[in-house]
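Colleague: I'll drop the sequence and a predicted model, then ask my questions.
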Amino acid sequence: MTIKQFCDNSVRKFFRAVPTVENLASVRRIDPNEADPSELGLKPKDLEKIWQNAEDVYRTGMHPMMNICLRRHGKIALHRSVGHSHFAGKPNALVAELDTPVCLFSASKVVAAVLMHKLAEDGHLDLLNPVSYYLPEFARAGKGNITVYQLLSHRAGVPGIPPDVPIEVLYDHDTAFDLICQQEALDPDGRVVAYHALTGGFVMSELIQKLTGKSVNEYLDEVIRKPMGMGYFHYGMPQEKHKQAAINYLTGAPNKGPIGNQLHKVLGAEVDTAVEISNSEPFLNATIPAGNLYATAEEASRFFQMLLQQGEWQGKQILKPITVHRLTREAGRPQFDRSLGAPLRYSAGTMLGGRFVGLYGRHTPHAFGHIGFSNIVCWADPERDISVAILNNGKPILGTHIPGLLKMIDSISQGCSRCVDMHDRHHKMVGALEG
């Protein structure tokens, strides 16, 4: 063994890399229906650069599978997967298919938020009313003034379940909701931004049940899944489909010290425990509106394409344009997020891009979407007319994949040049509303 090989092996061991294969053709899947790049104003070399970056991330061993779906002008420009969805590194490893469902984790929040906005669209609730107007028990411990809008924009002040509560409470909606109601808000007027990893979803689910008499999955079926022809797109997985869901893998450097402690607060458990639980039967059977929606990359991209098209999908108006507008408009200037330890831009349901640099690459001020534990990224950028889903099944926090992942995301924003006049788009929307 050479010194370089010894060093490479040591690095991979420290970062808990999953073994990868050298012949990527054997674990690569490409959608034969990808559109001609020239029809979409794209250069083939730019698309290949995006994909090469994705394969480079796979080679680090931090993500046993990478699955990407990129739409431009409503057509699929890139839809590919590489790697293994099950039993990675073992003789019986299964190659990830284009239609392999993946848990979106926190990217599930956008879907729950859309359901809240749909309730408002149909007159069931007012986003500016206090949550306690509909759920009086939420007013406990000084939360009576917290509005639905503040809940959607991570200002409700109840970012996490107390650390002494067992994580199994996630499978018991009534207990989880009661614990949230008992908590005192970080600020009774909702002025503190603190990312709500799981708590917000339980409150949203309770609102849906109270106002419609339906479970969150029943309402999701009615509003999005069935009208849009989704095969998965469900909180939790039906028992007969459990084996289809990609297995999540613990990769990356050990999560110790301050970082590990902070992640414990955000996730409600140590990262190692959270990953282990995410592959369990109880998790797959559970309904966790802020954390366990399962979808394929194409379905996630399809969902954001609908939002990009101002609520329309194949002739069906899933949401009104004004509803999408409310969902995606900035809730306030970027503020330091007490949970995530960084300044972020939120709308009432999404994470927003940045004028100079942001979650979706450089110069993406109009982009909206969400990230999911740990490197799932789904978004739409109306200025570039793209909807994107990057799904994977490794769960590294610190790892050798980070430079490649950032490079891949940025190559999407740079390869898909800005092509829409946002002022003109806004005027057209206003004209449509007035009409």
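Modeller: Now that the structure is in, tell me what you want to look at.
Colleague: Quick one: residues contacting residue 41.
Modeller: Remark: with contacts taken as C-beta atoms under 8 Å, 6 or more residues apart in numbering, residue 41 is in contact with 72, 73, 417, 419. In this view, the C-beta of every residue, glycine as well, is placed from N, C-alpha and C.
Colleague: and with 10 Å instead?
Modeller: The neighbours of residue 41, taking C-beta atoms under 10 Å, 6 or more residues apart in numbering as the test, are 72, 73, 77, 384, 385, 416, 417, 419.
Colleague: Kindly present those as CSV, with separate columns for pLDDT.
Modeller: Converted to CSV, the contacts of residue 41 look like this (pLDDT from 0 to 100):
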residue, pLDDT
72, 98
73, 98
77, 98
384, 98
385, 98
416, 97
417, 94
419, 91
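Colleague: Generate a PyMOL selection restricted to the buried entries among those.
Modeller: For the buried members of the contacts of residue 41, the matching PyMOL selection, counting by 16 or more other C-beta atoms under 10 Å, is:
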select buried, resi 72+77+384+385+416
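Colleague: Out of the contacts of residue 41, the closest to residue 47 would be?
Modeller: Nearest to residue 47 out of the contacts of residue 41 is residue 77 (C-beta to C-beta; 6.3 Å).
Colleague: Now the phi/psi pair for residue 44, please.
Modeller: The main-chain torsion angles of residue 44 are listed as degrees, to the nearest 10 and equal phi -50, psi -40.
Colleague: Quick check: it vs residue 278, distance?
Modeller: Look at residue 44 and residue 278: by C-beta to C-beta, to the nearest Å, they are 37 Å apart.
Colleague: same thing with residue 90?
Modeller: Using C-beta to C-beta, one obtains 19 Å as the distance from residue 90 to residue 278.
Colleague: and if you look at residue 242?
Modeller: 12 Å.
Colleague: Specify which residue of those two has the higher count of neighbours.
Modeller: A count of neighbours by other C-beta atoms under 10 Å puts residue 278 above the other of residue 242 and residue 278, at 20 against 13.
Colleague: which ones are touching the more buried one?
Modeller: Taking C-beta under 10 Å, 6+ apart, we find residue 278 in contact with 103, 105, 245, 247, 248, 250, 284, 291, 292, 373, 393, 395.
Colleague: run the last query once more with 8 Å
Modeller: With contacts taken as C-beta under 8 Å, 6+ apart, residue 278 has the following neighbours: 103, 105, 248, 292, 395.
Colleague: Would you list the phi and psi of the third one?
Modeller: In terms of degrees, to the nearest 10, the main-chain angles of residue 248 are phi -90, psi 140.
Colleague: And the nearest residue to residue 89 once chain neighbours are set aside, how far from residue 351?
Modeller: Leaving out its chain neighbours, the residue that sits closest to residue 89 by C-beta to C-beta, 6 or more residues apart in numbering is residue 19, at 3.9 Å. The span separating residue 19 from residue 351 equals 33 Å under the rule C-beta to C-beta.
Colleague: Next: residue 403.
Modeller: Relative to residue 351, residue 403 is positioned 21 Å away (C-beta to C-beta).
Colleague: Also residue 158?
Modeller: Counting by C-beta to C-beta, the gap between residue 158 and residue 351 amounts to 19 Å.
Colleague: Might you report the residue contacts of the spatially most central residue of the chain?
Modeller: Averaging the C-alpha coordinates of the chain gives a centre point, and the residue nearest to it by C-alpha atoms, centre = their mean is residue 107 (1.6 Å). For residue 107, the contacting residues are 293, 300, 369, 370, 371, 372, 376, 377, 378, by C-beta under 8 Å, 6+ apart.
Colleague: between residue 19 and residue 351, who's got more neighbours?
Modeller: residue 351 (25 against 12).
Colleague: leaving aside the residues next to it on the chain, what's closest to the more buried one?
Modeller: In this structure, residue 351 finds its nearest non-sequential neighbour in residue 370, 5.2 Å apart by C-beta to C-beta, 6+ apart.
Colleague: from what I can see that neighbour touches residue 379, true?
Modeller: Yes - counting by C-beta atoms under 8 Å, residue 370 sits close enough to residue 379 to count as a contact (7.4 Å).
Colleague: Pick out whichever of these two has more residues nearby.
Modeller: With other C-beta under 10 Å as the criterion, residue 370 and residue 379 differ in neighbour count, and residue 379 comes out ahead with 33 against 23.
Colleague: Just grab the bridge partners of that one for me.
Modeller: Here residue 379 sits in beta bridges with residue 369, residue 388, as judged by DSSP bridges.
Colleague: What separation is there between it and residue 126?
Modeller: Counting by C-beta to C-beta, the gap from residue 379 to residue 126 is 28 Å.
Colleague: Angles on the backbone of residue 316, please.
Modeller: The phi and psi torsions at residue 316 (degrees, to the nearest 10) take the values phi -100, psi 130.
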